[in-house]
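Asker: generate a structure from the sequence data that follows.
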Amino acid sequence: MLITGFAAGMFSTNCYLVADAPGGDAIIVDPGQDAAPQVDAVLAEHSLTPVAVLLTHGHLDHTWNAADICDKYSIPAYIHPDDRPMLANPGIGLGHALAPLIGDLVFREPEKVIEFADGEDIDVAGLRLSVDLAPGHTQGSVLLGLDVPSEDGADPAAARVCFSGDVLFAGSIGRTDLPGGSHQQLLDSIAAKLLPLPDDVVILPGHGPQTSIGAERVGNPFLQDLSETPRKGRNGL
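Answerer: Here you go, the predicted model:
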């Protein structure tokens, strides 16, 4: 499996490209500001064919280039319905302090948008990803889970990764002072959806370096007083 990425734009937002193998179909996670040229370069480098854009939430630093990429390659964007309005009107998620960043720029939805449902599994690009709603940073923030097979392919779920968006970072959590944010709700989401996971689950966040559930359980100050909430109806992310 190929998982690669880069930090893009003034917000240094992590954009990821994932494929079952080089030369195959690929998904693009969170193509933010100025991500499109680098996406094109990675696609060409690994002979990948993009088939979908997956958005962990609706904030502009994660969606800025989504419409351009989707429409260029005639592929859909996936997003939770609670954050979908931000695709065409990102200002509603920024608040008064950050709204001037948009200026007179005009944004729009991609031509095709598919809405995530909490608890579903989506099959795309030969991959199966789990979707877990984790509100608090935004009301439509989702965690995207993916099994990674062993190098020899003998174990199809040798490792587990989670694209956490702005829910959880290495040593921190997402901000909650923007419209739709709630600090307590975010902590509740982490307790219910992330803390019950095994320590070796790799976290690929929306900003900053990768980490793991185990590392954050021990070293993240925001998680120290949290108790995990038993998950209902799903085994793992």
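
Asker: next up, the contacts around the closest residue to residue 22 other than its chain neighbours.
Answerer: Nearest residue to residue 22, sequence neighbours excluded (CB to CB, 6 or more residues apart in numbering): residue 46, at 4.4 Å. Heads up, the C-betas are built off the backbone N, CA and C, glycines and all. For residue 46, the contacting residues are 2, 4, 17, 19, 22, 23, 26, by CB atoms under 8 Å, 6 or more residues apart in numbering.

Asker: and residue 46, what's its pLDDT?
Answerer: The score at residue 46 is 97. That number is its pLDDT.

Asker: likewise residue 70?
Answerer: pLDDT, residue 70: 98.

Asker: and for residue 149?
Answerer: 82.

Asker: doesn't residue 1 make contact with it?
Answerer: Yes: in this structure, residue 149 is within contact of residue 1 by CB atoms under 8 Å, at 6.3 Å.

Asker: so those two - more neighbours on which side?
Answerer: residue 1 (20 against 14; other CB atoms under 10 Å).

Asker: from residue 4, how far off is the closest residue to that one other than its chain neighbours?
Answerer: Using CB to CB, 6+ apart and skipping the chain neighbours, the partner closest in space to residue 1 is residue 148 (5.4 Å). The gap separating residue 148 from residue 4 is 13 Å, by CB to CB, to the nearest Å.

Asker: next: residue 57.
Answerer: Plainly put, residue 57 is 21 Å away from residue 4 if you go by CB to CB.

Asker: and the contacts of residue 46, which is closest to residue 182?
Answerer: Of all the contacts of residue 46, residue 182 sits closest to residue 17, with 31.4 Å by CB to CB.

Asker: the residue nearest to the spatial centre of the chain sits in which helix or strand?
Answerer: By CA atoms, centre = their mean, the chain has its centre lying nearest to residue 56, at 3.3 Å. Of the helices and strands defined by DSSP states H and E, none includes residue 56.

Asker: and the gap between it and residue 80?
Answerer: Distance from residue 56 to residue 80, by CB to CB: 9 Å.

Asker: same check, this time on residue 142
Answerer: Residue 142 is 5 Å from residue 80, where distance means CB to CB.

Asker: identify the contacts common to these two.
Answerer: Contacts common to residue 142 and residue 80, judged by CB under 8 Å, 6+ apart, are 57, 116, 118, 133.

Asker: show me what contacts the second one?
Answerer: Which is residue 116. With contact set as CB under 8 Å, 6+ apart, residue 116 has these partners: 78, 79, 80, 81, 122, 131, 133, 140, 142.

Asker: before we move on, the earlier item: out of residue 57 and residue 4, which sits in the busier spot?
Answerer: Taking neighbours as other CB under 10 Å, residue 57 and residue 4 compare with residue 57 leading, 28 against 15.

Asker: quick one: common contacting residues for residue 56 and residue 80?
Answerer: Common neighbours of residue 56 and residue 80 (criterion: CB under 8 Å, 6+ apart): 141, 142.

Asker: pretty sure residue 42 belongs to a strand, no?
Answerer: No: counting by DSSP: H, G, I helix; E, B strand; the rest coil, residue 42 is not found in a strand; it is helix.

Asker: residue contacts, it?
Answerer: Shown in contact with residue 42 (CB under 8 Å, 6+ apart): 4, 6, 17, 48.

Asker: residues near the last one, how many?
Answerer: A total of 24 residues lie near residue 48 under the criterion other CB under 10 Å.

Asker: now it: closest residue in space that isn't a chain neighbour?
Answerer: In space, not counting the residues next to it along the chain, residue 48 is nearest to residue 26; the distance is 4.0 Å by CB to CB, 6+ apart.

Asker: quick one, grab the pLDDT at the one you found.
Answerer: On pLDDT, residue 26 comes in at 98.
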